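1. Model the structure of this input:
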Amino acid sequence: MTAAAPRDRLTRPDGSPLRVLVVDDELPIRELLSLALRYEGWDVTTAADGAEAVRAARETRPDAVLLDVMLPDVDGLQVLGRLRADLPQLPVVFLTARDAVEDRVAGLTAGGDDYVTKPFVLAEVVARVRGLVRRTLRGPDDGLLVVGDLVLDEETHEVTRGGEDVVLTATEFELLRFLMRNPRRVLSKAQILDRVWQYDFGGQGNVVELYISYLRRKVDAGRPPMIHTLRGAGYVLRPGQPR
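-> This is a model prediction of the structure:
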């Protein structure tokens, strides 16, 4: 099979290659993914187990991680927790042979940004990594989004509410950004899936519900609610009304 020429190359803001960490205990899979990702012009580091993955992430500070769920030393979901302790917004794509809906939800519940089942198509994996990283890169037209006392900085990826920091994962940040770019507008689950995830999760609207609940815990907890559900229609963000 002849590989197609890479599209416009994504780089870090300073122009250096993106850094991707591939974590899988199967050598052929690590090599295959590394080959495809390096063809995109990215720097790739690999790890065969959870402990090695955590060490590699601390050393290389990757822009994205492909993480196998079933590792020989520790569960991939636990590895994710350790990675996020150092890099809260690190985009992570889970790789797993488990394709049941409950397994996908478990991975996303743990904080994963995307989920790819084995066997996979290399082009799809690369596209998902590109999509996740593109969302976290700074753009020339980025700025501040402000809705009520909620402020989102698209350049630094910092979020505050009432002056207090709100720490979000990459997917939570993108979901909030989409809501804040459309204040007072009702957004359907289909619109959110298409804009935030850009991939078909088998029509699983519960993924949206899951992440909306995450945002509510972080953005609305102990404050006048800003994220509202309109039954049968979708979700809307509007300034919280003082109690």
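
2. avg pLDDT for the helix or strand harbouring S213?
-> Assigned by DSSP states H and E, S213 falls within helix 206-215. Helix 206-215 shows a mean pLDDT of 90 in the predicted model.

3. now swap in stretch 226-233 and tell me
-> Looking at stretch 226-233 alone, the average pLDDT works out to 92.

4. just checking, next helix/strand downstream of the lowest-mean-pLDDT helix or strand in the chain?
-> The weakest-scoring helix or strand in the chain, judged by mean pLDDT, DSSP states H and E, is helix 101-109 (a mean of 56). Using DSSP H and E, the helix or strand that directly follows helix 101-109 along the chain is strand 114-117.

5. export that following strand as CSV, just CAs?
-> Presented in CSV, the C-alpha positions along strand 114-117 are these (Å, rounded to 0.1, in the frame of the first residue of the first chain):
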residue,chain,number,x,y,z
ASP,A,114,-11.1,9.7,22.4
TYR,A,115,-11.4,6.0,22.1
VAL,A,116,-10.1,3.7,19.3
THR,A,117,-10.8,0.0,19.2
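
6. Pull out the buried residues from it.
-> D114, Y115, V116 (16 or more other Cβ atoms under 10 Å). Every C-beta, even on glycine, is put in place using the N, C-alpha and C of the backbone.

7. just how off-centre is the next helix or strand after that strand within its chain?
-> The C-terminal neighbour of strand 114-117 among helices and strands, as given by DSSP H and E, is helix 122-136. Average the C-alpha atoms of helix 122-136, do the same for its chain, and the two points are 10 Å apart (Cα atoms, centre = their mean, to the nearest Å).

8. Near L187, how many other residues are there?
-> As a burial measure, the neighbour count of L187 was computed by other Cβ atoms under 10 Å and equals 21.
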